[in-house]
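*Asks:* take a look and give me a structure for this.
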Amino acid sequence: MAGSESSVAVHRGGRWLEGPTAFHGEGAFWDERIGALRSVDMLSGDILTHRETADDGGDAEGRHSVSDVVALIRPRVTGGYVVATERGFALLDDELRTEREIPVFEETLLRMNEGACDAAGRLCCGSLAYDYAPGAGKLYRLDPDLSVHVVLEQVTIPNGLVWTAGAGGPLALHADTADDAVYAYDFDPIAGAFGPRETFVDFAGVTGSPDGMTLDAEGGLWIALWGGAAVRRYDARGILTDIVPLPVSHPTSCAIGGGSGTTLFVTTSRAGDTGAPEPFAGQVYAIDIGVAAAAVHGFGVREP
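*Replies:* Residues are numbered from 1 along each chain as shown. Model prediction:
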């Protein structure tokens, strides 16, 4: 579905955060515990930390090496973090030191890419082939007991995952960038299982393809458009409501937070070099959008 572009709100006037520049930024989330944005420089294997202002304190460098590849980072509910590495997962402590590694697959032509945690504390993350071979990837679920399960087969470039309440029951919204589509899967919140799907937003004819995304408190889905120089918001019906244009071609992921609670943060990439100068590529863009985030779930379960 799509809304009339004449009725779409366009957000301008954002700024670029000081801090580390990524080659391929991804996996953003606002970390309430430290009051900063966490993201990854995926193909460098680094976790990045960005503060809203230079005098917010914290690690001045803002870059921590974790592995050869680090695809995403999310908080653990009992402290520390969970990350997806090239071919598995790892648990980190509060200082981003590795506590435990959880291997998932051995194929060297594949790597993990993107995912998120559901309300039950389970982490889902998709894999892809380095050459983007169609259908070579899977969506894996890491449960709080550290068991790993396959929940989707034959995905190509799995991206951006959120859960929402649909008219007919819970839905998991998941993008396959190669399909130019965000799909809505029926979701069983007890079993953590993905059921039948339908297309939630079809990006055919739109400049750019869906990459990372985040959900706001009103049920709006903000989607970074790889190659589209923009973030777009769609309401619960899949209708376009807002656009955030960017001066870089490849936004990759987005998160809502900040001191105001209504700042949209957008990671970007230098990996999709267009040949034209893009001096801000790889940096984090921040802009107030006037709406707060939906709950961001952590990995694991709290002890009673």
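*Asks:* any idea how far the residue nearest to Glu86 when sequence neighbours are not counted is from Ser249?
*Replies:* Spatial nearest neighbour of Glu86, chain neighbours left out: Val69 (3.8 Å); criterion: C-beta to C-beta, 6 or more residues apart in numbering. (Glycine included, C-beta is placed from N, CA and C.) As judged by C-beta to C-beta, to the nearest Å, Val69 and Ser249 stand 23 Å apart.
*Asks:* the lowest-mean-pLDDT helix or strand in the chain pairs with which strands?
*Replies:* Least confident helix or strand, the chain: strand 158-166 with a mean of 93, by mean pLDDT, DSSP states H and E. Strand pairing for strand 158-166, determined by DSSP bridges: strand 169-176 (antiparallel).
*Asks:* just the buried residues of the strand it pairs with, please?
*Replies:* Buried residues in strand 169-176, counted by 16 or more other C-beta atoms under 10 Å: Pro170, Leu171, Ala172, Leu173, His174, Ala175, Asp176.
*Asks:* again with stretch 161-169
*Replies:* Leu161, Val162, Trp163, Thr164, Gly166.
*Asks:* could the residues you listed be laid out in CSV, adding distance to Arg51?
*Replies:* Formatted as CSV, the buried residues of stretch 161-169 follow (distance: C-beta to C-beta, whole Å):
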residue, distance to Arg51
Leu161, 26
Val162, 25
Trp163, 29
Thr164, 30
Gly166, 36
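*Asks:* of these, closest to Cys124?
*Replies:* Nearest to Cys124 out of these is Leu161 (C-beta to C-beta; 5.8 Å).
*Asks:* for the closest one, list each beta-bridge partner.
*Replies:* Beta-bridge partners, per DSSP bridges, of Leu161: His174.
*Asks:* right, and it touches Asp176 too?
*Replies:* No: between Leu161 and Asp176 there is no contact under C-beta atoms under 8 Å: 11.0 Å.
*Asks:* poorly predicted segments of the protein, please.
*Replies:* 1-6, 54-61, 302-304 (pLDDT under 70).
*Asks:* and the helices in it, which stretches?
*Replies:* For the chain, helices defined by DSSP state H do not occur.
*Asks:* bridging residues for Val148?
*Replies:* According to DSSP bridges, the partner residues bridging Val148 are Leu142.
*Asks:* ignore what I typed, I meant Pro210.
*Replies:* In beta-bridge terms (that is, DSSP bridges), Pro210 pairs with Leu225.
*Asks:* OK, contacts around it?
*Replies:* 159-160, 175, 177, 180-182, 201, 203, 223-226 (C-beta atoms under 8 Å, 6 or more residues apart in numbering).
*Asks:* can you rerun that using 6 Å?
*Replies:* Applying C-beta atoms under 6 Å, 6 or more residues apart in numbering, we find Pro210 in contact with Ala175, Thr177, Val182, Phe203, Ile223.
*Asks:* which residue, other than its chain neighbours, is closest to the fourth one?
*Replies:* Closest residue to Phe203 in three dimensions, ignoring its sequence neighbours and counting by C-beta to C-beta, 6+ apart: Asp180, at 4.2 Å.
*Asks:* roughly how far apart are the one you found and Asp202?
*Replies:* 7 Å.
*Asks:* contact partners of stretch 265-272?
*Replies:* By C-beta under 6 Å, 6+ apart, stretch 265-272 touches 23-25, 28, 37, 39, 231, 248, 250-255, 281-282, 284-286.
*Asks:* would you map the strands across the stretch 101-250 of the chain?
*Replies:* Along the stretch 101-250 of the chain, counting by DSSP state E, counting those that start in this stretch, strands occupy 110-117, 123-129, 137-142, 148-155, 158-166, 169-176, 181-188, 193-202, 209-215, 221-226, 230-234, 240-245.
*Asks:* dig out what Leu215 forms beta bridges with.
*Replies:* Assigned bridge partners for Leu215, using DSSP bridges, are Leu221.
*Asks:* just checking, it touches Val162?
*Replies:* Yes: applying C-beta atoms under 6 Å, one finds Leu215 in contact with Val162, separated by 4.4 Å.
*Asks:* apart from its neighbours in sequence, what residue is nearest Gly166?
*Replies:* Ala184 (6.8 Å).
*Asks:* so how far is Ile102 from Ala181?
*Replies:* 30 Å.
*Asks:* more crowded one of the two?
*Replies:* Taking neighbours as other C-beta atoms under 10 Å, Ala181 and Ile102 compare with Ala181 leading, 18 against 15.
*Asks:* where's the more buried one relative to Val162, distance?
*Replies:* Taken as C-beta to C-beta, the span from Ala181 to Val162 is 15 Å.
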